[in-house]
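**Q** What shape does this take:
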Amino acid sequence: MITPHQIFDADIPFREKALQVFEFQRTSNPVYQRFCDALEIGEVNSLSEIPLMPIQAFKDTEVLTAVGNSKFKIQNLEFYSSGTSGMSRSRHVVSDPELYRQSILRGMNYFYDLDKYVIWAYAPGYIENPNSSLIWMLNALIEQENSGMSRFLELDQPLDENKLDKVRKSGKKLMLFGAAFGLLDMLEKQNIQLPEDSVILETGGMKTHRREITKAELHERLATGFGLPKSQVHSEYGMAELLSQAYSKEAEWFECVPWMKVGIRNPQNPLGEVEYGEEGLIGITDLTNLYSCSFILTGDKGIQREDGKFKVLGRWNPENLRGCNFLIDQD
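**A** From the prediction side, this is the model:
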């Protein structure tokens, strides 16, 4: 069986790791096992042959892979997706919090040198949720930074110019991490000039804003409002059902960490992929979901380039998912 440490081992090919995780989860995860059995999945030899379980499963039942080790029972975290009152939310049981921590820190360091950054987090709508995976992630990032300047920003309060000056003089860069609507609300309260080498990392969250705007318009407004070039406004793609994230430093094209891969699936036949540049459902293999399910068919539509980078085009209309019914409705 693959170990958590091996997930991050660059010397082991991704295909080899994924196939090991697949066999582990097919035999030790009751929900995924029933799903594979219903599809009559036999021997699997390639990544494209691994079936992706609809993300709806995290709303309908507990998705947990047995590990036969009692220590995990004590450490369980539970993350819930964001949602309005009364709305059905996904529940992701995380049996090994350290695996999530390593995914966060290794993933961020893959794209950024964390030693050079002070982390400021602004997360209205999330901070009140004790089961938010985003808040857990931001806490992990703040705790690993040793200058004492990293912190959660107070909600509905203007940025403190004295603290901004302290970051400027520290020799470190500022990373302002936050939900898109929260950052826009911040700009409505004051004119803000961030240090010129700052990075804004927005996590999406436009669906709760009072009006929908495009990603391009969002980045334009954030760049202008915080006094930075658009090249320093980046995005994160993640969700409560995943323990890894993808990042975009190139306009709207996201790149995965090495232990995560994205493929675009045919919405009429989710067992098959579409051609590069063709719209479809975003499918994700996240190996750090070792103790839940690593093979997920999201409800997001997207396209992918030949270099593996992908763009998120929004939510897929459920009415267009008739071809997925045979996957979603299986007991």
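
**Q** Nearest the middle, which residue of the chain would you pick?
**A** Gly238 (1.4 Å; Cα atoms, centre = their mean).

**Q** What residues does that one make contact with?
**A** By Cβ atoms under 8 Å, 6 or more residues apart in numbering, the contact list for Gly238 reads 133-134, 137, 203, 244-246. Using the backbone N, CA and C atoms, a C-beta is placed for each residue, glycine as well.

**Q** Return the closest of those with respect to Arg89.
**A** Ser133 (11.9 Å; Cβ to Cβ).

**Q** Give me the distance from stretch 126-144 to the chain's centre.
**A** Centroid displacement of stretch 126-144 relative to its chain, using Cα atoms, centre = their mean, to the nearest Å, is 13 Å.

**Q** Count the residues that sit near Cys256.
**A** 21 (other Cβ atoms under 10 Å).

**Q** Equivalent analysis for the one 3 residues further on, please.
**A** Around Trp259 sit 26 other residues, with neighbours defined as other Cβ under 10 Å.

**Q** ok, it touching Lys17?
**A** Yes. Counting by Cβ atoms under 8 Å, Lys17 is a contact partner of Trp259 at 7.5 Å.

**Q** Show me the common contact partners of the two, please.
**A** 7, 287.

**Q** shaky segments in the protein?
**A** Applying pLDDT under 70 to the chain flags the ranges 67-75, 83-87, 206-211, 317-331.

**Q** What segments of it are helices?
**A** Along the chain, counting by DSSP state H, helices occupy 4-7, 14-28, 30-38, 57-60, 71-75, 97-111, 133-144, 161-170, 180-189, 215-226, 325-328.

**Q** Out of those, which is closest to Asn269?
**A** Among the helices of the chain, the nearest to Asn269 by Cβ to Cβ is helix 325-328 (9.8 Å).

**Q** Tell me who's in contact with the closest residue to Asp9 other than its chain neighbours.
**A** The shortest distance from Asp9 to any non-neighbouring residue, by Cβ to Cβ, 6 or more residues apart in numbering, is to Lys17 (7.9 Å). Going by Cβ under 8 Å, 6+ apart, Lys17 touches 2, 6-7, 9, 259, 287.

**Q** go with 7 Å
**A** Shown in contact with Lys17 (Cβ atoms under 7 Å, 6 or more residues apart in numbering): 2, 6-7, 287.

**Q** before we move on, the earlier item: adding distance to Lys309 as columns, could you present the helices of the chain in JSON lines?
**A** As requested, those are arranged in JSON lines below (distance: least, Cβ to Cβ, whole Å):
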{"stretch": "helix 4-7", "distance to Lys309": "22"}
{"stretch": "helix 14-28", "distance to Lys309": "16"}
{"stretch": "helix 30-38", "distance to Lys309": "28"}
{"stretch": "helix 57-60", "distance to Lys309": "26"}
{"stretch": "helix 71-75", "distance to Lys309": "34"}
{"stretch": "helix 97-111", "distance to Lys309": "13"}
{"stretch": "helix 133-144", "distance to Lys309": "22"}
{"stretch": "helix 161-170", "distance to Lys309": "31"}
{"stretch": "helix 180-189", "distance to Lys309": "20"}
{"stretch": "helix 215-226", "distance to Lys309": "14"}
{"stretch": "helix 325-328", "distance to Lys309": "26"}
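
**Q** Which among those helices is found nearest to Gly277?
**A** Between Gly277 and the helices of the chain, the shortest separation by Cβ to Cβ is 18.2 Å, and it involves helix 215-226.

**Q** Just want the angle from that closest one to helix 180-189.
**A** Going by axes from the mean of the first three to the mean of the last three Cα atoms, to 10 degrees, helix 215-226 is angled at 40 degrees with respect to helix 180-189.

**Q** What residues of helix 215-226 count as buried?
**A** Going by neighbour count (16 or more other Cβ atoms under 10 Å), the buried part of helix 215-226 is 215, 218-219, 221-223, 225-226.

**Q** ditto for stretch 123-136
**A** 123-124, 126-127, 129, 132-136.

**Q** which strand in the chain runs the most residues?
**A** The longest strand of the chain (DSSP state E) is strand 295-304.

**Q** Note down every partner strand of that one and its orientation.
**A** Note on strand 295-304: by DSSP bridges, its sheet partners are strand 53-54 (parallel), strand 280-286 (antiparallel), strand 310-315 (antiparallel).

**Q** Any chance of those in a markdown table with mean neighbour count and distance to Leu183 as columns?
**A** Formatted as a markdown table, the strands paired with strand 295-304 follow (neighbours: other Cβ atoms under 10 Å; distance: least, Cβ to Cβ, whole Å):
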| stretch | mean neighbour count | distance to Leu183 |
| --- | --- | --- |
| strand 53-54 | 24 | 31 |
| strand 280-286 | 25 | 24 |
| strand 310-315 | 18 | 18 |
